[in-house]
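In: Provide a 3D model corresponding to the input given below.
(one chain, ligands or ions: 1)
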Amino acid sequence: MIYLDYAATTPIDDEVVETIQDALVHNFGNPSSIYRIGKKSKRQIQNARTSIAESIGVPDKSLFFTSGATEANNWALRSQAYQARKLGLGNHIVATAIEHPSVKEELAFLEQNGFQVSYLKPDSNGAYTAEAFRNASQAGTIGWVAMAVNNEVGSILPVFEIGQAAQVAGYWFHVDAVQAFQTVDWDMGSIPATSLVASGHKIYAPKGIGLLIYRPWREEMILNPLLHGGGQEAKQRSGTENTPYILGLAKAFELLKQERAERLAHYAHLAQHFKALLETSGLAIAMNGDPHNRVNNIHSIWLLGQEASRLLIQLDLRDIYISAGSACSAGSVSDSPILQAYYPEEPDRWHESLRVSFGKQTSEEDITQFVNALIQIQKGR
Ligand code: PMP
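Out: Purely as a prediction, here's the structure:
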């Protein structure tokens, strides 16, 4: 099997599996119970929170465990939008047009509930700037939304500059950093964002666990709970905590800290290999997304005249797994909204593009075989 779809999900690290297994078997106590095995679970969750917060560089009270990035994105956007409106600050939001559905659909929900959203397309260089956010703002603007790294084309957005400008203007700033944690070498906690989101299954932990970091710039911008109940997670997110997955997520962050430089060097090497192969392949291709600001492990390629859905089936038959655009839209292969935002005048590109993404287990040989398979498919073999 050749798996080149790490942006969709990553396999779980052995050490993460061991941590989870151990907690599943030996740590079943309810963290809210006041006897010893309950208290042990509670302590371990707090240790996990402290360890992740330290590795990201944020206070541990700003970190809330969630069921994944979808929940964290929905929660942060909804809470900040409603709170700002309640405080009479306005109801207008500026967001990129290339956000993940868990952000875009939440924004659509807010629009149905009286908020206004301006969507920014990439500029003619395929890039985003703080200037564009400023220009799209108006009286009544309350918040800005920009992902750190796009999950489909691998573009890096200037979230430091955008965040600084948001802070000066007094707007909240939401960053979906899901794809950034292991693809850039930033000090993630120093991104000037009021809300920042991560997901376990993009960093070798399981699906169904993620986190929200919430650090408002003004005290009145309190976080409003999305789930009401027993008052877990400092009364912000009720529901009995998923102790095994929380501990597994902490292990994944620990490994990320240890291995990040190595992983990034590996991706840079693989990207060079991939580029060299494509250049000599004879395939008619063009790369999608921002050509300058991009990560080394997520690549979107337009294969001119080749229907992506057909290619995916042919590759699947060869035991090669990649996606057409993002895999997050419930298994469908359709015109990519991200590519529509980048290339409004090139409809063929929207459904003739493939996303290839590398992970720490990817080898040069995997990539060579993938490119060879594309060449063979094109020749009709
Ligand atoms: N944001 C981005 C950028 C993503 O790539 C994903 C996962 N595809 C999500 C959010 C959603 O994460 P989760 O699956 O943990 O809900």
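
In: Convert the C-alpha atoms of whichever strand or helix holds Val168 to PDB, please.
Out: Using DSSP states H and E, Val168 maps to helix 159-169. Output in PDB follows, covering the C-alpha atoms of helix 159-169 (Å, rounded to 0.1, in the frame of the first residue of the first chain):
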ATOM      1  CA  VAL A 159      -1.500  34.700  10.400                       C
ATOM      2  CA  PHE A 160       1.100  36.600  12.400                       C
ATOM      3  CA  GLU A 161       0.600  39.800  10.400                       C
ATOM      4  CA  ILE A 162      -3.100  39.300  10.100                       C
ATOM      5  CA  GLY A 163      -3.400  38.700  13.800                       C
ATOM      6  CA  GLN A 164      -1.300  41.800  14.700                       C
ATOM      7  CA  ALA A 165      -3.600  43.900  12.500                       C
ATOM      8  CA  ALA A 166      -6.700  42.400  14.100                       C
ATOM      9  CA  GLN A 167      -5.400  43.100  17.600                       C
ATOM     10  CA  VAL A 168      -4.700  46.800  16.700                       C
ATOM     11  CA  ALA A 169      -8.200  47.100  15.300                       C
END
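
In: what's it packed up against?
Out: Packing partners of helix 159-169 (3 or more Cβ pairs under 8 Å, 6 or more residues apart in numbering; DSSP states H and E): helix 130-136, strand 141-145, strand 172-176. From N, CA and C alone the C-beta is placed, and that goes for glycine too.

In: need the next SSE after the last one, C-terminal direction.
Out: Downstream of strand 172-176, the next assigned helix or strand under DSSP H and E is strand 195-199.

In: following that following strand, which helix or strand comes up?
Out: Taking DSSP H and E, what comes next after strand 195-199 is strand 210-214.

In: Please list the strands that that following strand pairs with in its sheet, giving the direction of each pairing.
Out: Next to strand 210-214 in the sheet, as set by DSSP bridges, lie strand 63-66 (antiparallel), strand 195-199 (antiparallel).

In: Need the winner for burial among those strands.
Out: Sort those by mean neighbour count, taking mean count of other Cβ atoms under 10 Å, and strand 195-199 sits at the top with a mean of 29.

In: Is there proximity between that one and the ligand?
Out: Yes: against the ligand, strand 195-199 shows contacts by Cβ under 6 Å from any ligand atom at Ser199.

In: Can you check what angle separates that strand from strand 141-145?
Out: Angle of strand 195-199 versus strand 141-145, following axes from the mean of the first three to the mean of the last three Cα atoms, to 10 degrees, is 30 degrees.

In: what's strand 195-199 in contact with?
Out: For strand 195-199, the surrounding residues in contact (Cβ atoms under 8 Å, 6 or more residues apart in numbering) are 56, 58, 68-69, 72-73, 76-77, 80, 172-178, 181, 188, 209-215.

In: And for stretch 370-381?
Out: 2, 4, 274, 277-278, 281-283, 303, 306, 311, 314-315, 318, 320, 322, 356.

In: buried sites along stretch 283-292?
Out: For stretch 283-292, the neighbour count (16 or more other Cβ atoms under 10 Å) marks Leu283, Ile285, Met287, Asn288, Gly289, Asp290 as buried.

In: Excluding chain neighbours, what is closest to the fourth one?
Out: The shortest distance from Asn288 to any residue other than its chain neighbours is 3.9 Å, reached at Ser300 (Cβ to Cβ, 6 or more residues apart in numbering).

In: and that neighbour, how many neighbours?
Out: 29 (other Cβ atoms under 10 Å).

In: do the same with the one 10 residues further on
Out: Neighbours of Arg310 under the rule other Cβ under 10 Å: 13.

In: Make residue 1 into 21 and carry on from there
Out: Sounds good: first residue 21 from here, last item Arg330.

In: Tell me the secondary structure at it.
Out: Counting by DSSP: H, G, I helix; E, B strand; the rest coil, the backbone at Arg330 sits in helix.

In: Quick check: the gap between it and the ligand.
Out: Plainly put, Arg330 is 24 Å away from the ligand if you go by Cβ to the nearest ligand atom, to the nearest Å.

In: what does Thr39 give?
Out: The value you get for Thr39 to the ligand, if Cβ to the nearest ligand atom is used, is 19 Å.

In: follow-up on the earlier one: so which of the strands paired with strand 230-234 comes closest to Ser53?
Out: Checking the strands paired with strand 230-234 against Ser53 by Cβ to Cβ gives strand 83-86 as the closest, at 18.2 Å.

In: at contact distance from the ligand, anything in the closest one?
Out: No: judged by Cβ under 6 Å from any ligand atom, strand 83-86 and the ligand are separated, with a smallest distance of 8.4 Å.

In: residues near Ala281, how many?
Out: Applying other Cβ under 10 Å, we find 10 residues neighbouring Ala281.
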